[in-house]
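Peer 1: got a sequence here, can you build the structure:
(one chain, ligands or ions: 2)
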Amino acid sequence: MASNGDNNASAKPPPEPSPLRKAKFFQANMRILVTGGAGFIGSHLVDRLMQNEKNEVIVVDNYFTGSKDNLKQWFGHPRFELIRHDVTETLLVEVDQIYHLACPASPIFYKYNPVKTIKTNVIGTLNMLGLAKRVGARILLTSTSEVYGDPLIHPQDESYWGNVNPIGVRSCYDEGKRVAETLMFDYHRQHGIEIRIARIFNTYGPRMNIDDGRVVSNFIAQAIRDEPLTVQLPGTQTRSFCYVSDMVDGLIRLMEGDNTGPINIGNPGEFTMLELAENVKELINPDVQIITVENTPDDPRQRKPDITKAKSLLGWEPTIKLSDGIPLMEDDFRSRLGISRKK
Ligand SMILES: NC(=O)c1ccc[n+]([C@@H]2O[C@H](COP(=O)([O-])OP(=O)(O)OC[C@H]3O[C@@H](n4cnc5c(N)ncnc54)[C@H](O)[C@@H]3O)[C@@H](O)[C@H]2O)c1
Ligand SMILES: O=C(O)[C@H]1O[C@H](OP(=O)(O)OP(=O)(O)OC[C@H]2O[C@@H](n3ccc(=O)[nH]c3=O)[C@H](O)[C@@H]2O)[C@H](O)[C@@H](O)[C@@H]1O
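Peer 2: Ligands and ions are numbered 1, 2, ... in the order given. Sure, this is the predicted structure:
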């Protein structure tokens, strides 16, 4: 029985897998559904899952913030399938595992249509849990450090219940993810569904949308284009940035392990936004200007994961530090923008 280290144990055993899974003479591949698999983290996760010849990967995505381009290397592969689908509608597929990532993640995108964002988090997660229940699949939710809101304890560990504005402009996302976590645990306790919850902290890397709006992609694109780096006030707010390959490794370990979570997955290296801008300037364009601009409401003032649980329960910790990750992302952005390094 999976555990989260406290008393949230399921009252029921998990549902039976399909008869094919138990057939004596037939060794089926593991069928894995990745919702939001055309997005930034999802497409890197798909790449990693496809490396295992025993995996068949089905991606569903509505392409709101994702792109087919992120998956083009797998088109036509016999173990890969891509379906245009919105998770707010029911989905009928036969799978063994579900990585449920579908949800816009950048604040400018999740605030664009907040009602749709909350529907994606609530109805989308309900639909995926219903699917998991019917087919007996294990399901992993990519929750977020935003469930801690503007945290009053620092660093944040998983026992902290958070400090979240329930009626603010970010609530569609952070409250949406909190309800999604609640649904996961209710399906676990009531129906015995095998669940895994990752609380992801700010992740960056190649394939982020160039105009994604998140801070690392903004600063790198600005530095490459010779535009001022826009530090939102006060600039002393902090974030902790995890490189995407480390994130994918953590998600797979969580799915394959015995713990329900929630488990923080992130890099504890903490930076103010002014420090991040200085780092990007030094690494990419020493001549670029750094300016301050207005911030948006309810911006968390500090954020840093306590990853004690990830270390002890998953044997996971990040390996790529920010100063090594930024140049890797720079290469990808330069090739997509068609701007080479200055001689
Ligand atoms: N990147 C981060 O720093 C971070 C941090 C915390 C949590 N997360 C979570 O990880 C997941 C992936 O984030 P990302 O950074 O790759 O974002 P992303 O925006 O690049 O990817 C999200 C994907 O979901 C798809 N999608 C959105 N709504 C959908 C819907 N209703 N139906 C089907 N597909 C839909 C988008 O088209 C996109 O391909 C999200 O659940 C996000 O909340 C990310
Ligand atoms: O990791 C998380 O849990 C969450 O982090 C992000 O939220 P946020 O940290 O606010 O992400 P950004 O938009 O990248 O902002 C980070 C900081 O950079 C600042 N910023 C942003 C953009 C910019 O151009 N300049 C700038 O200084 C913001 O004010 C904020 O303080 C997104 O909500 C999600 O990707 C994710 O769920």
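
Peer 1: show me where pLDDT drops low in this structure?
Peer 2: 1-11, 24-26, 343 (pLDDT under 70).

Peer 1: and the helices in it?
Peer 2: 19-22, 40-50, 107-110, 114-135, 171-191, 215-224, 244-256, 273-284, 308-314, 322-337 (DSSP state H).

Peer 1: how near is residue 156 to residue 197?
Peer 2: Separation of residue 156 from residue 197 (C-beta to C-beta, to the nearest Å): 15 Å. (Each C-beta comes from the backbone N, C-alpha and C, glycine too.)

Peer 1: format the helices of the chain as TSV; extra columns: mean neighbour count.
Peer 2: Compiled in TSV, the helices of the chain are given as follows (neighbours: other C-beta atoms under 10 Å):
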stretch	mean neighbour count
helix 19-22	10
helix 40-50	23
helix 107-110	19
helix 114-135	20
helix 171-191	20
helix 215-224	23
helix 244-256	21
helix 273-284	19
helix 308-314	18
helix 322-337	16
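
Peer 1: residue 205: which of these is closest?
Peer 2: Nearest of the helices of the chain to residue 205, taken as C-beta to C-beta: helix 244-256 at 3.3 Å.

Peer 1: and the closest one, C-alpha only, in PDB?
Peer 2: The C-alpha coordinates for helix 244-256 follow below in PDB (Å, rounded to 0.1, in the frame of the first residue of the first chain):
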ATOM      1  CA  VAL A 244      13.600  20.400 -16.700                       C
ATOM      2  CA  SER A 245      15.700  17.100 -17.000                       C
ATOM      3  CA  ASP A 246      15.900  17.000 -13.200                       C
ATOM      4  CA  MET A 247      12.200  17.600 -12.900                       C
ATOM      5  CA  VAL A 248      11.300  14.800 -15.300                       C
ATOM      6  CA  ASP A 249      13.600  12.400 -13.400                       C
ATOM      7  CA  GLY A 250      11.800  13.300 -10.200                       C
ATOM      8  CA  LEU A 251       8.300  12.800 -11.700                       C
ATOM      9  CA  ILE A 252       9.200   9.400 -13.000                       C
ATOM     10  CA  ARG A 253      10.700   8.300  -9.700                       C
ATOM     11  CA  LEU A 254       7.500   9.500  -7.900                       C
ATOM     12  CA  MET A 255       5.300   7.600 -10.300                       C
ATOM     13  CA  GLU A 256       7.300   4.400 -10.000                       C
END
